[in-house]
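1. Pasting the sequence and the predicted coordinates here, then a few questions.
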Amino acid sequence: MEKSSKWLYEFEAKHLIKKDDGAQETVLKKFAILKPNRRLREDGELFYAAETSKFAKAGVLPKAAWSTILSNGGGIISEQDRELYGNLLLKFRDLSFELQSILIKGEADRTEAEKKRVDEIITQLDSVRTEIQSFESSQISIFENTAEAKARNRAILWWIMFLSYQKEGDNYIPIFNGETYQDKLVDYDKFEEDETAYEFILSVTRRVTYLVTLWFLGKAEKQDEFEYFDKNYLKENTEKVEEEKEEVKLEKEIEEIKIEEIKPE
């Protein structure tokens with residue numbers, strides 16, 4: 001499938017529709033993950049920063065605090081790794097502060113140099129974030145309980161809300177309606193509250209969630225990378241569905257055997 005520069009990735013999904021007469025029809029539907037522009041990236045960075053602050057104020061320790069605890073207690077991280085990790089955190093913090101100091105100004109009030117610097121900082125933040133996440137994934141699970149980790153999970157959901165599109169006619173429209181994050185969450189909650197009615201769109205949302213998460217973590221950027229992970233996802237989920245069908249079949253057979261055993265002679 002030819003990839004438009006507007007999208008990170010486009011894919012198709014088969015929707016099995018049951019008609020009133022009992023017949024079934026398979027309809028091929030198209031979906032896409034939007035390639036965020038500069039303004040959307042700025043909004044995403046601000047949301048992540050706000051969520052990190054919110055969790056920290058609620059009493060969830062930030063990474064820097066955990067790093068200090070591990071350092072003081074000896075921990076299981078080597079001195080060299082602690083230094084590397086600390087430097088990454090400092091770099092990420094400094095870049096975040098610099099970015100926020102520019103974004104506080106309205107876009108019309110920013111100089112050309114500041115606008116250019118925003119793009120540079122966002123690119124650097126993406127790179128540093130990838131290094132931090134790579135380090136943490138190879139270390140202990142304690143990092144999943146930090147303010148930043150919890151904010152990361154919220155940020156991934158934010159990106160899913162704003163990057164998910166479906167094709168209607170000749171145009172792509174957002175899967176989740178609304179202008180704001182909270183508005184879009186209303187649609188998301190509606191899907192989850194009625195899984196039977198929205199089974200297909202929920203399956204697409206899970207697929208998008210997997211791909212957007214990999215993108216956010218810096219694992220997928222190019223078309224071939226998305227295709228690779230998408231194929232793996234479809235393969236794993238097809239196998240899972242088949243396993244579930246076999247389990248249901250086995251449970252039914254066992255139940256029939258039990259019924260046969262207690263049947264009076």
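-> Good, I have the coordinates. Predicted, not measured: the structure shown is a model, and the values here were computed from it. Numbering: from 1, shown residues only.
2. From now on I want contacts and neighbour counts done on CA atoms only, so please keep to that.
-> OK.
3. ok, residue 86 to residue 101 distance?
-> Going from residue 86 to residue 101 by Cα to Cα, to the nearest Å gives 23 Å.
4. higher neighbour count, these two?
-> Between residue 86 and residue 101, counted using other Cα atoms under 10 Å, residue 86 has the larger neighbour count: 17 against 10.
5. Quick one: classify the more buried one as helix, strand or coil.
-> Residue 86 carries the three-state label helix when classified by DSSP: H, G, I helix; E, B strand; the rest coil.
6. what does residue 8 give?
-> Relying on three-state DSSP, one would call residue 8 strand.
7. Please verify my assumption that it contacts residue 223.
-> Yes - using Cα atoms under 8 Å, residue 8 makes contact with residue 223 at a distance of 7.1 Å.
8. Check which residues of the host helix or strand of residue 162 are buried.
-> Element membership of residue 162 [criterion: DSSP states H and E] is helix 147-163. By neighbour count on 16 or more other Cα atoms under 10 Å, the buried set for helix 147-163 is 147-152, 154-163.
9. Run through the stretch 151-265 of the chain and note the low-pLDDT ranges.
-> 239-265 (pLDDT under 70).
10. those helices in the stretch 151-265 of the chain, which residues are they?
-> In the stretch 151-265 of the chain, the segments counted as helices under DSSP state H, counting those that start in this stretch are 181-193, 199-216, 223-262.
11. try the stretch 1-150 of the chain
-> 38-57, 63-72, 79-103, 112-137, 147-163.
12. Mind checking those helices for the one nearest to residue 229?
-> Minimum separation from residue 229 across the helices of the stretch 1-150 of the chain (Cα to Cα) falls at helix 147-163, 16.7 Å.
13. list the helices and strands that closest one packs on?
-> For helix 147-163, the packing partners by 3 or more Cα pairs under 8 Å, 6 or more residues apart in numbering; DSSP states H and E come out as strand 24-34, helix 38-57, helix 181-193, helix 199-216.
14. let's go with 7 Å and repeat that
-> Helices and strands touching helix 147-163, as assessed by 3 or more Cα pairs under 7 Å, 6 or more residues apart in numbering; DSSP states H and E, comprise helix 38-57, helix 181-193, helix 199-216.
15. List the buried residues of the second one.
-> Within helix 181-193, the residues that qualify as buried by neighbour count (16+ other Cα under 10 Å) are 181, 184, 185, 187, 188, 191.
16. tell me the angle of the helix holding residue 162 relative to helix 181-193?
-> 80 degrees (axes from the mean of the first three to the mean of the last three Cα atoms, to 10 degrees).
17. Identify all contacting residues around helix 147-163.
-> For helix 147-163, the surrounding residues in contact (Cα atoms under 7 Å, 6 or more residues apart in numbering) are 33-34, 47-48, 51-52, 55-56, 60-63, 143, 176, 181, 184, 209, 212-213, 216.
18. are any of these buried, and which?
-> Using 16+ other Cα under 10 Å, the buried members of the contacts of helix 147-163 are 33-34, 47-48, 51-52, 55-56, 60-63, 143, 176, 181, 184, 209, 212-213, 216.
19. follow-up on the earlier one: for the buried residues of helix 147-163, name the two members farthest from one another.
-> Greatest spacing in those, by Cα to Cα: 147 and 163 (24.0 Å).
20. which phi and psi does residue 61 have?
-> Dihedral pair for residue 61: phi -70, psi 140, per degrees, to the nearest 10.
21. Could I get the contacting residues of it?
-> With Cα under 7 Å, 6+ apart, residue 61 has these contacts: 146, 147.
22. The residue nearest to the spatial centre of the chain and residue 235, how far apart?
-> Compute the mean C-alpha point of the chain, and by Cα atoms, centre = their mean the closest residue is residue 213, 3.2 Å away. Taking Cα to Cα as the measure, residue 213 falls 18 Å from residue 235.
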